[in-house]
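Engineer: model this:
(chains A and B)
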Number of protein chains: 2
Amino acid sequence: MACSVELLCVGNELLVGRTVNTNATWLARKITSLGGSVQRVTTVGDDVREIQEAARGILARKPDLLLTSGGLGPTFDDTTIKGLCRAVRLPLEVNTEALNQIRARYKKILPSRHCMLTRFRTKMATFPIGAKPLLNPVGTAPGMALQVRKTLIVCLPGVPRELRAIFSRHVASMIRLKAGMDRYISRTIHVQRFFESELAPLINRVMKRYPEVYIKSHPQGGEGRANSRIELDFSFSGRDVAEGRRIVSHAIAQMKHLLISKARMTK
Amino acid sequence: MACSVELLCVGNELLVGRTVNTNATWLARKITSLGGSVQRVTTVGDDVREIQEAARGILARKPDLLLTSGGLGPTFDDTTIKGLCRAVRLPLEVNTEALNQIRARYKKILPSRHCMLTRFRTKMATFPIGAKPLLNPVGTAPGMALQVRKTLIVCLPGVPRELRAIFSRHVASMIRLKAGMDRYISRTIHVQRFFESELAPLINRVMKRYPEVYIKSHPQGGEGRANSRIELDFSFSGRDVAEGRRIVSHAIAQMKHLLISKARMTK
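Structural biologist: Numbers count the residues shown, from 1 in each chain, chains lettered A, B, ... in the order given. Model prediction:
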């Protein structure tokens, strides 16, 4: 059991550097903590053809889940659904359930005479045939779920608060179920006064002894003995969390031992 | 003239949500301001096959520039160069110029008896045949440039300070040259007490009148008249910056006019 995930983030603001893609980070962290595994993140602009091509590439790799963010709103350049529809060759239709959700939302937040379902509002309920709307508890545009062969496609709005609410309500439990008992745990130690090139052989030695543990180095700050600082992450993926923690502890202990020996040697 | 760019970001830390991909944002902003155009950002883990497949897909789209970030260091899972080599089917070799740069760097920061060129250090100088190292003024791993048919591939380290230094020193001028006189300008106005679905038709009207201007709405905060806030970006890409600024001003003036009329109507 496992749950492979790809993210498709849509928005010109991400490609011109206006906005930091914190949605991708938030989703990746959540998915990982639920036992899922993000394989790739693809970011494209608000362009039907770009979305279509990116989605086609992702679907060809057959992840369990394709999560999109952004491009569900009422403006002309909110084209995620259109691009996906072209990728999966399904026609668009106004989804009655989604339209009811949108109508209810506007009734709640607008005086009655202003809650007409204009074509811009109806657009947010226009989904491929067979899609299921996901209620947006904090905004107007519903999310969308659509199974295409092996892959469940889920579309989330780009507004972080709405993306998080729909994910937590509709997607999290699905990932947990699909991922089964797989869990990801990690611990970090901070290493000072070493270069990454000195740690590299030590990492190899510890990983050879504890092959279930993945050790990744993250250099921080500048080089030079005095101010060098490297974060070493020890991570474990698997069912037996208690066993994972135990192995990670042993790996950290061995690494610390090697670091102390090495430091003595280079003095 | 134009300069199309794709980014390939490498690192498990990005796929587990440990690290926010600020490198992508920084690069996108810089590239845009230099007149280049980022078409897509792809993020993959520290996996040779993933890097290879992603690079192959990017090269098939023939961007002018493929910029990679991360995976150039000395550890076992720094595999960006290896993945790229497989994608372009070029053999690896130890690059003498890169090796000299690394040797000089360690000579500068280490006492002489510790600056042996171990295989972990030599690894950082192992490039595809024909590649050119890009001096890293603030770190050890050099960047790398390699022309493959229409696309210039440039590899940058993942440490932000090093990525920025190598980009500014070696890549920025190249983008400016390739992009010619193209420039990107944008202005933002803040709209309160409107819904995005109300702005959508106004955006269409203004863009119909000023087709050179791209208007993008970014909803902020919650919905409901009281606390809704939308940022409206007006952007222009082209050679004539003065003309661009003038058109953007006109488009903003028309939008403000439409907003005032609409606000009066809905009172």
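
Engineer: Return the list of helices and strands in contact with the lengthiest helix in chain A.
Structural biologist: Longest helix in chain A, counting residues (DSSP state H): helix A:241-266. On a contact count with 3 or more CB pairs under 8 Å, 6 or more residues apart in numbering or on different chains; DSSP states H and E, helix A:241-266 meets strand A:183-192, helix A:196-209, strand A:229-238. C-betas here are computed from N, CA, C, even on glycine.

Engineer: Spell out which residues of the stretch 51-200 of chain A are next to chain B.
Structural biologist: A:54, A:57, A:73-77, A:109-110, A:114, A:118, A:120-121, A:124, A:138-140, A:159, A:161, A:184, A:186, A:195-197, A:199-200 (CB under 8 Å from any CB of the partner chain).

Engineer: which of those are buried?
Structural biologist: The neighbour count (16 or more other CB atoms under 10 Å in any protein chain shown) marks A:54, A:57, A:73-77, A:109-110, A:120-121, A:124, A:138-140, A:159, A:161, A:184, A:186, A:195-197, A:199-200 as buried among these.

Engineer: Now, these that are in helices?
Structural biologist: Within these, residues falling in helices by DSSP H are A:54, A:57, A:109, A:120-121, A:161, A:196-197, A:199-200.

Engineer: ok so, going back, reformat the helices and strands packed on helix A:241-266 as TSV; add mean pLDDT.
Structural biologist: As requested, the helices and strands packed on helix A:241-266 are exported to TSV (pLDDT from 0 to 100):
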stretch	mean pLDDT
strand A:183-192	93
helix A:196-209	96
strand A:229-238	94
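
Engineer: Generate a markdown table for those, with distance to B:Y214 as supplementary columns.
Structural biologist: Listed next are the helices and strands packed on helix A:241-266 as a markdown table, based on distance: least, CB to CB, whole Å:
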| stretch | distance to B:Y214 |
| --- | --- |
| strand A:183-192 | 40 |
| helix A:196-209 | 43 |
| strand A:229-238 | 40 |
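
Engineer: Tell me who's in contact with A:Q220.
Structural biologist: A:229-231 (CB atoms under 8 Å, 6 or more residues apart in numbering or on different chains).

Engineer: Turn these into a markdown table, columns for distance to B:H190 and neighbour count.
Structural biologist: Converted to a markdown table, these look like this (distance: CB to CB, whole Å; neighbours: other CB atoms under 10 Å in any protein chain shown):
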| residue | distance to B:H190 | neighbour count |
| --- | --- | --- |
| A:R229 | 40 | 14 |
| A:I230 | 43 | 19 |
| A:E231 | 39 | 15 |
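
Engineer: okay, these in JSON lines with distance to chain B next?
Structural biologist: Output for these, formatted as JSON lines (distance: CB to the nearest CB, whole Å):
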{"residue": "A:R229", "distance to chain B": "11"}
{"residue": "A:I230", "distance to chain B": "10"}
{"residue": "A:E231", "distance to chain B": "9"}
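
Engineer: returning to what we had before: please work out the average pLDDT along the longest helix of chain A.
Structural biologist: In this model, helix A:241-266 has an average pLDDT of 93.

Engineer: Quick check: buried residues in it?
Structural biologist: Going by neighbour count (16+ other CB under 10 Å), the buried part of helix A:241-266 is A:244, A:247-248, A:251-252, A:254-255, A:258-259.

Engineer: Check stretch A:206-224 too.
Structural biologist: A:206-207, A:210, A:213-220, A:223.

Engineer: And that stretch, how far out from the chain middle?
Structural biologist: 24 Å (CA atoms, centre = their mean, to the nearest Å).

Engineer: wouldn't A:R49 be in contact with A:G83 here?
Structural biologist: Yes - at 7.4 Å, A:R49 counts as touching A:G83 under the criterion of CB atoms under 8 Å.

Engineer: Which of those two has more residues huddled nearby?
Structural biologist: A direct count of neighbours by other CB atoms under 10 Å in any protein chain shown for A:R49 and A:G83 places A:G83 higher, at 24 against 11.

Engineer: count of neighbours near the nearest residue to the more buried one once chain neighbours are set aside?
Structural biologist: Spatial nearest neighbour of A:G83, chain neighbours left out: A:I51 (2.7 Å); criterion: CB to CB, 6 or more residues apart in numbering or on different chains. Neighbours of A:I51 under the rule other CB under 10 Å: 27.
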